[in-house]
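>>> fold the following, please.
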Amino acid sequence: MNSLNFNHLFYFWIVSKSESIAKAASELKISSPSLSTQIKQLESNIGEELFFRKGRSLKLSDQGVLLKKHCDNIFFEYNQLDRLIKGGKELGAISDFKCGVSANISKHLEYLFLSELLSSEINLRIKSVSHAELLKGLLDFKYDFIITNDLEIPADKSLKVLKLHESPYVVARSSLCSKGEEIPFSLQNCSSLSLNYIRSFVEKNYPQAQVKSIIDDTSLLRLYAKKSCGYVVMPKIGLYDEILSKEVEIVEELDIVESYFLITTDHILKILDLDSYATEFKVKYFRL
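Next up, the predicted model:
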């Protein structure tokens, strides 16, 4: 076998993630024919086909799967080294880790879990964006791990998924709120299936209810729960402090839960020992 070309490996790695020559070429800012030629040269050097076509997508052959695992290791280490150099740190230092969090996730859960990590020697950069942006960023090494309430991920990607928590949806209101003729309800936005269940539950059990708003922002829902005379329906953990301070009372608990997941790569899972953190977190906060 001829010696491997680093650029060829990088091009292969990008194609393996996008499953498309055209998409990879656009990302790499080169022409599709040029990229195809580079991939063919790599296959020629290795002596094996690395892709096969399935519909409109390119899928990895058995040899391609093995090569991608090596490339994941290579470019993870390269990314870490690049991060250290750009940060002006010595090569023996531990770089900052990047965490992405779904924008509509409970800020209480985010705080409770990340505060456990921050109590160690780990330095974190934290950003809140949509689940789709998080997943793309994770696959492109822009994030080391993400926290999300959405488990829609590509089945063929080598990602590790840890369940952090399950929190039941609750109907809650301010402790100072008096029941009026009409009851305004604010619901947390969630999957259409869960939202339909919540709407049906509210209509059946609260005949005077009026659903006034459906809200992504959990911090805004907490304010509604504390300061308005309306009711909110959201995961219980989102009202963690308000329940402890007795500013908010739980009217009742629903039979559905919201699940929260940590998604990462095998490298970061081992480096940060996230498995242990996730296990300890589930045990510590299982009642919320």
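
>>> and the contacts of the helix or strand of the chain with the lowest mean pLDDT?
Sorted by mean pLDDT, DSSP states H and E, the helices and strands of the chain end with helix 62-86, the least confident at a mean of 78. For helix 62-86, the external contacting residues (CB atoms under 8 Å, 6 or more residues apart in numbering) are 9-10, 12-13, 16, 46, 48-51, 60, 90-91, 93, 95-96, 141, 158, 265, 267. (C-beta placed from N, C-alpha, C; glycine too.)

>>> so what's Ser32 up against?
Ile21, Ala22, Ala25.

>>> residues near the second one, how many?
Each residue near Ala22 was counted by other CB atoms under 10 Å, and the total is 12.

>>> buried stuff in the host helix or strand of it?
Ala22 is part of helix 21-28, with elements assigned from DSSP states H and E. Neighbour-count burial for helix 21-28 flags Ile21, Lys23, Ala24, Ala25, Leu28 (criterion: 16 or more other CB atoms under 10 Å).

>>> I'd like to know which of those residues is nearest to Val232.
Lys23 (41.5 Å; CB to CB).

>>> from Leu135, how far out is that closest one?
15 Å (CB to CB, to the nearest Å).

>>> what are the phi and psi angles of Ile30?
phi -130, psi 170 (degrees, to the nearest 10).

>>> what pLDDT does it get?
The model reports Ile30 with a pLDDT of 92.

>>> what segments of the stretch 1-150 of the chain are strands?
Remark: strands assigned in the stretch 1-150 of the chain by DSSP state E, counting those that start in this stretch are 51-54, 57-60, 97-102, 124-129, 145-148.

>>> in the chain, which strand is the longest?
strand 248-264 (DSSP state E).

>>> check which element follows that strand along the chain.
Next in sequence after strand 248-264, counting helices and strands by DSSP H and E, comes helix 266-271.

>>> check which residues of that next one are buried.
Going by neighbour count (16+ other CB under 10 Å), the buried part of helix 266-271 is His267, Ile268, Leu269, Ile271.

>>> against Glu249, how distant is Glu184?
Small correction: residue 184 is Pro, not Glu. Separation of Pro184 from Glu249 (CB to CB) stands at 17 Å.

>>> sorry, slip of the keys, the one I care about is Val15.
Distance from Val15 to Glu249, by CB to CB: 55 Å.

>>> those two: which is more packed in?
The neighbour comparison of Val15 against Glu249 (other CB under 10 Å) goes to Val15, with 27 against 17.

>>> follow-up on the earlier one: now render the buried residues of helix 21-28 as JSON lines, adding distance to Tyr240.
Formatted as JSON lines, those follow (distance: CB to CB, whole Å):
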{"residue": "Ile21", "distance to Tyr240": "48"}
{"residue": "Lys23", "distance to Tyr240": "42"}
{"residue": "Ala24", "distance to Tyr240": "44"}
{"residue": "Ala25", "distance to Tyr240": "48"}
{"residue": "Leu28", "distance to Tyr240": "45"}
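
>>> ok, these vs Ser200, which is closest?
Using CB to CB, the buried residues of helix 21-28 come closest to Ser200 at Lys23, 41.1 Å.

>>> OK, contacts around that closest one?
Contact partners of Lys23, counting by CB under 8 Å, 6+ apart, are absent.

>>> what pLDDT does the model give it?
Note for Lys23: predicted pLDDT of 90.

>>> that older thread, now restrict the contacts of helix 62-86 to buried residues only.
Buried among the contacts of helix 62-86 by 16+ other CB under 10 Å: 9-10, 12-13, 16, 46, 50-51, 60, 95, 141, 265, 267.

>>> please name the nearest non-neighbouring residue to His108.
Tyr240 (4.1 Å; CB to CB, 6 or more residues apart in numbering).
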